[in-house]
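Colleague: Sequence and predicted structure, then a few things I'm wondering about:
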Amino acid sequence: MSSLILESMFRFLYNDMSAAEHADFLMGIENNPAMMEQFAMLKQGVEALGRFTFNPDDETLQSIISYASNPPATIL
């Protein structure tokens, strides 16, 4: 699956499309069973993520804040 198709799927799931894009997307997946199957799996995964809550401990939060404040010069 191309990254553009995957991006479109995520944009659809997160309601980040114009009405015209939304309609075009629906028409596109309705006419493509393989894409519909991939979309259904992605949707199921996104819905599952919504059921989780994350509660990092204070040390983890501080590590994230520290990293965000001073990112490495080069990321490989």
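Modeller: The structure has been received and is ready for your questions.
Colleague: Okay, and the residue most central in space within the chain sits in which element?
Modeller: Among the residues of the chain, the one closest to the centroid is residue 10, at 4.9 Å (CA atoms, centre = their mean). Following DSSP states H and E, one finds residue 10 within helix 3-13.
Colleague: after that helix comes which helix or strand?
Modeller: Helices and strands here follow DSSP H and E; after helix 3-13, the next one along the chain is helix 19-30.
Colleague: what angle sits between the longest helix along the chain and helix 3-13?
Modeller: Among all segments of the chain classified by DSSP state H, the helix with the greatest residue count is helix 33-49. Orientation note: helix 33-49 sits at an angle of 50 degrees relative to helix 3-13 (axes from the mean of the first three to the mean of the last three CA atoms, to 10 degrees).
Colleague: now the helix or strand following helix 33-49, how far from the chain's geometric center?
Modeller: Read in the C-terminal direction, the helix or strand following helix 33-49 is helix 58-69, with elements assigned using DSSP H and E. On the basis of CA atoms, centre = their mean, to the nearest Å, helix 58-69 sits 23 Å off its chain's mean C-alpha point.
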